[in-house]
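S.K.: My questions are about this predicted structure, shown below with the sequence.
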Amino acid sequence: MSEIAAREVPSSFTLASGESIGDQKWLVERRLAAFETLASTTLPSESDEEWRYSRINELDLASFAPVVGPDPGTDSSAASAEQLLSAIGPRSALVHSVAGLVRSVELDADASALGVRISPASALDEEPALLDSVLGSRSDAFTLLSQAFCRDVVVCHVPAGVRLEKPIVLVHDAGEQADGAALFPRTLVSLGEGAEASVVELLVSGGQRLLVVPISEVDLGNGAHLAYSTLQQLGRATWQVAYQASRIGRDAVLRSFVAALGGDYARHLTQSTLAGDNGTSELLAVYLGDGSQVQDFRTFQEHVAPRTKSELVFKGAVADTARSVYTGLIHMHAGAKRADASQTNRNLVLSEGAHADSVPNLDIEENDVRCSHASAVGPIDADQLFYLESRGVPPEIAERLVLLGFFDDLLARAPEPGVAGYLRAIVAKRLADGVLASRERELLRDQETRRDGVVPA
């Protein structure tokens, strides 16, 4: 496919299909406005700086079409959701969306009595005031497609001063769609002044060929504290282009955790804007890739106000011919005096055909700040393997133990304890069954070659 063709917005995304989703007046007007802008918008290409190292030129958008109509369809991956819910235990709320349409909202009595509100946007007479305001300047062809074809938005608000002891769980299930479906799940979370909450978001799909564009916006009032966990377990034929944007007020704290395990090409853009004095963000992510997967992360730590602090730690491992991409920017705006930001990305490359790109960046417009960044790409530490093998641990088990240790410090920092346990089990199984399986075969082949008296290249 030529680069020009890859950048065109195809006719499969039509005005008629946009108008057929829902009947709220503000939703229809919103879609019409997005269509008008889309008419003069092109898709990004790999020549664009923010899409370097990606596979965006391979995306044949014309082979996809948005899911429309009032029927949410049927679940596709209920087992994953049940395992997560079991690991988390009691919860303040459970929201279940299928193919981007909210199917059910279960809010417990305590949260309801405290004034917590969780609603599908399709049931609201007026557009939520914060919708799109946090995403702001990150608008592009994919966010416009979301505005035009989003079937619903999960709107969650925790009032000022309310502290929820149990998490809010959001399950976004692609459902039993036909190949070529394009889905646009969306979430808007806002916390009032001094509120505290935990949100866990799960994205799951089956084996269909899908395009999924999830967008999450988070707005934290002064002094609010939010733990936000996103678990991406999409099918291996799915393309994902995800956005997570947060705005953090004075003395507010965001603890964000992302686990990226699925997808064919899975992109996740994180923008954290520290807009109020003494705001804090902790951005953590773990990712695994094998086969021909690409896990692509782009991050923006925006320090606008003084005395703000952000810490970013992303860790991943790739095997077979999989790739990972990390590009991150710390932007210290003029006036962000005494701000402090750190950025760390570490990657393990487990096979000769695997590859990882890591590109940290700084943009500093203020003198009185502190910034640091570090990145590393390489194989498993040979000294660690030698230590274990010298004590009788077989090589394949030694590699598994080292990898589990590589991820465990971040899993231990997952802001919701149940999420940590859930992911430990999944990562251990994935390492045993998938990521390290090809590596173990390579070790066996090397051993057989050596027995035949030939030293491998």
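M.R.: Arrived safely.

S.K.: in the longest helix along the chain, what counts as buried?
M.R.: Using DSSP state H to assign secondary structure, the helix with the most residues in the chain is helix 395-411. Within helix 395-411, the residues that count as buried by 16 or more other CB atoms under 10 Å are 395, 396, 398, 399, 400, 402, 403, 406, 407, 410, 411. Yep, even glycine has a C-beta here, placed from its N, CA and C like the rest.

S.K.: Farthest pair within those?
M.R.: Distances among those were taken as CB to CB; the most separated pair is 395 and 410, at 24.7 Å.

S.K.: how about the strands of the stretch 51-200 of the chain, start to end?
M.R.: 65-66, 93-98, 101-107, 117-120, 154-158, 168-173, 181-183, 186-191, 196-204 (DSSP state E, counting those that start in this stretch).

S.K.: Check which helices and strands the shortest one sits against.
M.R.: The elements that strand 65-66 packs onto, with contact taken as 3 or more CB pairs under 8 Å, 6 or more residues apart in numbering; DSSP states H and E, are helix 15-19, strand 181-183.

S.K.: any idea how far the last one is from the chain center?
M.R.: Pointing back at strand 181-183 there. 17 Å (CA atoms, centre = their mean, to the nearest Å).

S.K.: Starting from that strand, tell me which strands it pairs with and how they run.
M.R.: strand 65-66 (parallel), strand 210-212 (parallel) (DSSP bridges).

S.K.: List the contacts of it.
M.R.: Around strand 181-183, the neighbours that count as contacts under CB atoms under 8 Å, 6 or more residues apart in numbering are 13, 64-67, 99-100, 145, 149, 174, 177, 208, 210-213.

S.K.: coming back round to it: CSV for the strands of the stretch 51-200 of the chain, including distance to residue 319, mean neighbour count and mean pLDDT?
M.R.: Output for the strands of the stretch 51-200 of the chain, formatted as CSV (distance: least, CB to CB, whole Å; neighbours: other CB atoms under 10 Å; pLDDT from 0 to 100):
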stretch, distance to residue 319, mean neighbour count, mean pLDDT
strand 65-66, 34, 22, 92
strand 93-98, 32, 23, 95
strand 101-107, 36, 18, 93
strand 117-120, 39, 18, 96
strand 154-158, 35, 24, 98
strand 168-173, 27, 26, 96
strand 181-183, 28, 25, 95
strand 186-191, 31, 24, 98
strand 196-204, 22, 24, 97
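
S.K.: would you turn the ones you listed into TSV with distance to residue 45?
M.R.: Formatted as TSV, the strands of the stretch 51-200 of the chain follow (distance: least, CB to CB, whole Å):
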stretch	distance to residue 45
strand 65-66	22
strand 93-98	31
strand 101-107	31
strand 117-120	35
strand 154-158	32
strand 168-173	28
strand 181-183	19
strand 186-191	25
strand 196-204	26
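
S.K.: what's the neighbour count on residue 123?
M.R.: Residue 123 sits with 12 neighbouring residues when counted by other CB atoms under 10 Å.

S.K.: Would you enumerate the residues in contact with it?
M.R.: Counting by CB under 8 Å, 6+ apart, there are no residues that residue 123 touches.

S.K.: Show me the strands in the stretch 251-400 of the chain, by range?
M.R.: So, for the stretch 251-400 of the chain - with DSSP E, counting those that start in this stretch - the strands run 253-260, 265-274, 280-289, 294-303, 309-318, 323-332, 340-349, 355-364, 370-378.

S.K.: Verify the stated contact: residue 327 with residue 53.
M.R.: Yes: with contact defined as CB atoms under 8 Å, residue 327 counts as touching residue 53 (7.3 Å).

S.K.: So for the two, which residues contact both of them?
M.R.: With CB under 8 Å, 6+ apart, residue 327 and residue 53 have common neighbours 357, 359.

S.K.: Isn't residue 167 up against residue 199?
M.R.: Yes: between residue 167 and residue 199 there is a contact at 6.6 Å, judged by CB under 8 Å.

S.K.: Between the two, which contacts overlap?
M.R.: residue 227.

S.K.: Any idea what the residue nearest to residue 75 when sequence neighbours are not counted is bridged to?
M.R.: Excluding its sequence neighbours, the residue lying closest to residue 75 (CB to CB, 6 or more residues apart in numbering) is residue 173, at 5.3 Å. Judged by DSSP bridges, the bridge partners of residue 173 are residue 98, residue 204.

S.K.: so residue 173 makes contact with residue 210?
M.R.: No: using CB under 8 Å, residue 173 is not in contact with residue 210, being 11.6 Å away.

S.K.: who touches both of these two?
M.R.: By CB under 8 Å, 6+ apart, no residue touches both residue 173 and residue 210.

S.K.: if we look at stretch 301-313, which residues are touching it?
M.R.: With CB under 8 Å, 6+ apart as the criterion, stretch 301-313 contacts 248, 250, 271-285, 299, 328-333, 335-345, 369, 410.

S.K.: Please check these and keep the buried ones.
M.R.: If we count by 16+ other CB under 10 Å, those have these buried: 248, 250, 271-285, 299, 328-333, 336-337, 339-345, 369, 410.

S.K.: for residue 134, what are its contacts?
M.R.: 217, 218, 219, 245, 246, 247, 273.

S.K.: again, 6 Å this time
M.R.: By CB atoms under 6 Å, 6 or more residues apart in numbering, the contact set of residue 134 is 217, 219, 245, 247.

S.K.: Need the pLDDT of the second one.
M.R.: Just to be clear, that refers to residue 219. pLDDT for residue 219: 98.

S.K.: That one pairs with what?
M.R.: Applying DSSP bridges, one finds that residue 219 bridges with residue 190, residue 247.

S.K.: So it sits against residue 129, correct?
M.R.: No: using CB atoms under 6 Å as the test, residue 219 is too far from residue 129 to be in contact (9.8 Å).

S.K.: For the two, work out which one has more neighbours and name it.
M.R.: Using other CB under 10 Å as the criterion, residue 219 and residue 129 rank with residue 219 on top: 24 against 8.

S.K.: residue contacts, the more buried one?
M.R.: Counted by CB under 6 Å, 6+ apart, residue 219 has contacts 130, 134, 190, 247.

S.K.: likewise residue 214?
M.R.: Contacts of residue 214 (CB under 6 Å, 6+ apart): 185, 203, 242.
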